[in-house]
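Undergrad: Give me coordinates for this.
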Amino acid sequence: MREVPLEEARRIAVRAQSLDGRASGVLETVRRLGFLQLDPIAAVAPPQHLVLWSRLGPFPTDELDRLLWEERTLVEWDAFVYPSEDLPILKAFMRRRDRPLDRLLIAFLKEHASFRRYVLKELRERGPLLSREIADAPGHRREGHRWWGARKMGLMLEVLAARGQVAVVGRRGKQRI
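TA: Sure thing, here's the model as predicted:
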């Protein structure tokens with residue numbers, strides 16, 4: 001084991017996080033960091049912009065959207081932005097079945113199989129939509145949920161996205177399409 005002086009350890013940590021002034025662009029910075037967390041709540045600016053600003057200084061914030069929705073060199077999954085070359089590992093995470101959460105998601109999809117089919121059919125036929133643009137399934141009974149309310153469209157879309165069956169393809173304001 002090699003002992004590293006405290007000052008050198010600090011320099012290594014600062015450089016590893018691209019906080020040393022050498023960051024050269026949005027895509028390169030996301031690749032270096034591995035991901036950016038997304039959060040629509042922003043007291044000053046969205047966290048993904050603050051993280052990039054702390055590495056790049058002033059930068060065109062629309063560059064992140066361009067890389068995500070036009071070039072598709074970045075992808076959004078589970079409230080994070082990843083380099084698109086990480087898709088194979090993300091797909092492996094989407095297919096997991098070994099965690100308790102995975103079993104809950106799979107059970108939810110089985111229990112609501114007809115609702116799932118309806119949502120996928122709507123998206124297939126009508127293209128990308130906001131959750132509010134998809135009507136409740138005919139005959140679907142609303143049930144109260146402490147996070148999602150009585151309309152479970154958002155919950156279904158979240159579960160389908162977590163399992164890799166649908167994807168976010170854009171945003172309208174802070175809302176996912």
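Undergrad: Measure how buried residue 130 is and give me the count.
TA: As a burial measure, residue 130 scores 15 neighbours (other C-beta atoms under 10 Å). For glycine as for every other residue, the C-beta is placed from the backbone atoms N, C-alpha and C.
Undergrad: I'd like to know how far it sits from residue 153.
TA: Note on residue 130: its distance to residue 153, by C-beta to C-beta, to the nearest Å, is 10 Å.
Undergrad: Residue 61 too?
TA: Taken as C-beta to C-beta, the span from residue 61 to residue 153 is 30 Å.
Undergrad: The two: who's more crowded?
TA: For residue 61 versus residue 153, the count of surrounding residues by other C-beta under 10 Å is larger for residue 153: 22 against 14.
Undergrad: OK, contacts around the closest residue to that one other than its chain neighbours?
TA: Nearest non-adjacent residue to residue 153, counting by C-beta to C-beta, 6 or more residues apart in numbering: residue 131, 4.7 Å away. For residue 131, the contacting residues are 153-154, 157, 175-176, by C-beta atoms under 8 Å, 6 or more residues apart in numbering.
Undergrad: Now flag whichever of those residues is closest to residue 31.
TA: Nearest to residue 31 among those: residue 176, at 23.1 Å, using C-beta to C-beta.
Undergrad: I'd say that closest one and residue 132 touch.
TA: No: assessed by C-beta atoms under 8 Å, residue 176 is found out of contact with residue 132, at 11.2 Å.
Undergrad: Just want to know which of these two has more residues nearby.
TA: Per other C-beta under 10 Å, whichever of residue 176 and residue 132 has more neighbours is residue 176, with 20 against 10.
Undergrad: Look up how far residue 90 lies from that one.
TA: 16 Å.
Undergrad: cool, and residue 98?
TA: Taking C-beta to C-beta as the measure, residue 98 falls 16 Å from residue 90.
Undergrad: pLDDT weak spots in the chain?
TA: For the chain, residues meeting the criterion pLDDT under 70 lie at 139-145, 147-150.
Undergrad: if you set the cut-off to 50 instead, what comes out?
TA: Within the chain, no stretch has pLDDT under 50.
Undergrad: all helices of it, in order?
TA: All helices of the chain, identified by DSSP state H, fall at 6-16, 26-33, 47-56, 62-65, 87-94, 100-111, 113-126, 153-162.
Undergrad: of all the ones you listed, which lies closest to residue 73?
TA: Distance to residue 73, taken as C-beta to C-beta, is lowest for helix 26-33 among the helices of the chain, at 5.7 Å.
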